[in-house]
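> Turn this into a structure:
(2 chains)
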Amino acid sequence: MFTKILIANRGEIAIRIIRACRELGIKTVAVYSDVDRSALHVRYADEAYYLGPAPARESYLRIDRILDAAKRSGADAVHPGYGFLAERPDFEMACAENGIAFIGPPASAIGAMGDKAVARMTVQKAGVPVVPGTEGEGGLHDEEILAVAPQVGFPLLIKATAGGGGKGMRLVERFEDLPRALTSARREAEASFGDGAVYLEQVVEGARHVEIQLLADQHGNCVHLGERECSIQRRHQKLIEESPSPIVDEDLRRRMGEVAVRAAQAVNYVNAGTIEFLLDKDKNFYFLEMNTRLQVEHPVTEMVTGVDIVKEQIRIARGRKLRYTQDDIRLNGWSIECRINAEDPFNNFLPSTGCINTLSRPAGPGVRVDSGVDEGSEITPYYDSLLAKMVVWGETRGEAIVRMRRALREYRVIGIKTNIPFHQAIMESHRFHGGQFDTTFVEQRFSIDENIPEELPRVAAIVATLVAHQRGQQAAQIVRGPTRDASNWKLAGRGQAVR
Amino acid sequence: MKYATSVGNQTFVIDVNQEDQVSVDGELTPVDFFSLDKATAFSLLLDHNSYEVLVNEESGEYQVLLSGHLFNVRVEDERARRLAQASRGFMPGSGELQIKSPMPGLVVAIPVMEGQPVKKGDVLVVLESMKMENEIKAPRDGTVSGVRVQSRQSVEQNQTLVTVT
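Model (predicted):
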């Protein structure tokens, strides 16, 4: 087993990985930037090394500095988490060159699936159905994209070939909007992944995003851990995920699982990975992309399968044979995850920065919170807005929803705005209860002001009035000046002096 | 002290004259109002019903976050109400609007120029923050009277980006 692992990441996922290492008796090394010196992941780890200034490209994306920290600390493995360098084949190769194990797939698999256009082509050859769009290797210039767009048909999606996490994507309704959307998408892709190349995909009407979690070892064994439903998204960023999916039955799960395993084997995949599918109204499924890393929403799969995916990742990287056969994997109960972001749901989800003055996390039966922040944490604009993942498990989907509602009420964050009210509203939504939603649900069919309980406006009025009254009284005190209203201390003091 | 408080299209007459009760539209209710952090968080016991509330004041209006719902509440005391009625004759001029940055970030693009006429909803500045692009739009029709920032500049929260007349 490894003796020491360096976690090349920050926030909640760094803590998640540190926890797995602790349970395996492995020492942990954290890395941090200027603004993360007092971050929770630095305080949790056994050792910590400074990387550089706050912007990711000067710290968490600095392969040289990370490898330097690994060598100085004597780490024999690196876990990249998600985002940052997790899907950079050059990072994996640099680790290999320095004799440091990379807890993830081989560089060849990352490269094959990392370029989304190449990935589509590769799995198609292995008999996997893909979402219709531009063919071939990608790397198309603007003129070529404009030329081929009408064949793909409108509305269409511009996607970054180096992409992931919903960044660098744009929905284009009409041909006239294409040039501006192209520029914007390329710019966002360049900023997020250092590569502005894009490809086009047809928009699948009423699509649902269902993904399959895989684990593959270095000995050719590969199993799937069931599916996750991730259709509650905004601007292509997932907000709520659940496992299993309300529309997937045993038979569909088996078929999707088999196709997912075949796609992974087409690139000789090793370690944890996820195949994303789009399901249309008729439950036909199409390969969207493969994420060659641990994903944000992995906890819901852990809750229903009982498998600790991060510990399995570490074991696989050490060369161990997979401990499970497909028959060993059973889904039990239902799990839902809400991503708690530093965003204001009442103001177009604008990011919120500042200091968390008060933080109170939910607990109790079936509740799991993977948080990267604590009271006193400073939220800056340099990294993404994810603060924590609120995860619940219930025997049924109904119980999971009720439990999530209960847990969200207990979650208090004061000092910055969070999207907790948004999650509360979704948990009250009839359509969410009915499992009837697709990827357009949040943006098109959902309003955060549905169902306001009757007595609340009156309570809000009373509270605002009491606050206004209190502030009015305080202001009046200050204005009145030092006469009979002098503080009691002063009066007492004067009384003393006179005695 | 009597207040006229409005939420949405409802108005309540609220009298706060005692520590432990308020009168709402004539009806007396016991209250226990306690500040949790001296600023924005409060615990309210309204006739023994317990509510945890976050309150934020912005330009004379109170934003009240209660049980996952956000309310915009306007509170007018008797004095303010009389003043408001007196000055109702005035029509405030359209003045210069300062379009401020809602958060710290990086200016990625400024698709407008000084002197350019804009319509409500037109994109004035594109800011990058938390790895996402955010479009700052014109709140009403007008003309761009000044561009105070440039591309690739870092801006603070509330920093003026563009002015519109």
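
> tell me the domain ranges of chain B?
B:2-89, B:97-164 (automatic domain parsing).

> May I see these arranged in JSON lines, with mean pLDDT and distance to residue A:214 as well?
Bear in mind the C-beta positions are built from the backbone N, C-alpha and C, glycine included. Shown next, in JSON lines, are those (pLDDT from 0 to 100; distance: least, Cβ to Cβ, whole Å):
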{"stretch": "domain B:2-89", "mean pLDDT": "85", "distance to residue A:214": "36"}
{"stretch": "domain B:97-164", "mean pLDDT": "88", "distance to residue A:214": "27"}
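
> Among these, which comes closest to chain A?
domain B:2-89 (3.4 Å; Cβ to the nearest Cβ).

> The helix or strand that contains residue A:21 - what's its average pLDDT?
Using DSSP states H and E, residue A:21 sits in helix A:11-23. Mean pLDDT, computed over helix A:11-23, is 98.

> just stretch A:261-279 next, same as before
95.

> Straight-line length of that stretch, end to end?
17 Å (Cα to Cα, to the nearest Å).

> What of stretch B:104-112?
21 Å.

> buried stuff in that stretch?
B:104-110, B:112 (16 or more other Cβ atoms under 10 Å in any protein chain shown).

> What helices and strands are in contact with the strand or helix carrying residue A:470?
Applying DSSP H and E as the criterion places residue A:470 in helix A:456-480. Helices and strands touching helix A:456-480, by 3 or more Cβ pairs under 8 Å, 6 or more residues apart in numbering or on different chains; DSSP states H and E, are strand B:2-7, strand B:10-18, strand B:21-24, strand B:27-35, strand B:41-46, strand B:49-58, strand B:61-66, strand B:69-77.

> Just the buried positions in that helix, please.
For helix A:456-480, using 16+ other Cβ under 10 Å, the buried residues are A:456-469, A:472.

> Repeat that for stretch A:323-339.
A:329, A:331, A:333-339.

> Determine the number of other residues adjacent to residue A:153.
12 (other Cβ atoms under 10 Å in any protein chain shown).

> State the pLDDT value of it.
pLDDT at residue A:153 comes out at 88.

> quick one on the thing from earlier: CSV for the helices and strands packed on helix A:456-480, including mean neighbour count and distance to residue A:309?
Below are these laid out as CSV (neighbours: other Cβ atoms under 10 Å in any protein chain shown; distance: least, Cβ to Cβ, whole Å):
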stretch, mean neighbour count, distance to residue A:309
strand B:2-7, 20, 47
strand B:10-18, 16, 50
strand B:21-24, 18, 53
strand B:27-35, 13, 44
strand B:41-46, 17, 37
strand B:49-58, 15, 35
strand B:61-66, 20, 35
strand B:69-77, 20, 36
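
> Make a markdown table out of the ones you listed and add distance to chain A.
Shown next, in a markdown table, are the helices and strands packed on helix A:456-480 (distance: least, Cβ to the nearest Cβ, whole Å):
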| stretch | distance to chain A |
| --- | --- |
| strand B:2-7 | 4 |
| strand B:10-18 | 5 |
| strand B:21-24 | 6 |
| strand B:27-35 | 5 |
| strand B:41-46 | 5 |
| strand B:49-58 | 5 |
| strand B:61-66 | 4 |
| strand B:69-77 | 4 |
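
> For the residue nearest the centre of chain B, name its beta-bridge partners.
Geometric centre of chain B, nearest residue: residue B:58, 3.8 Å, by Cα atoms, centre = their mean. Residue B:58 has these beta-bridge partners by DSSP bridges: residue B:61.

> Wait, residue A:101 touches residue A:76, no?
Yes: if you go by Cβ atoms under 8 Å, residue A:101 and residue A:76 touch, sitting 6.3 Å apart.

> Which residues are in contact with each of those two?
residue A:2 (Cβ atoms under 8 Å, 6 or more residues apart in numbering or on different chains).
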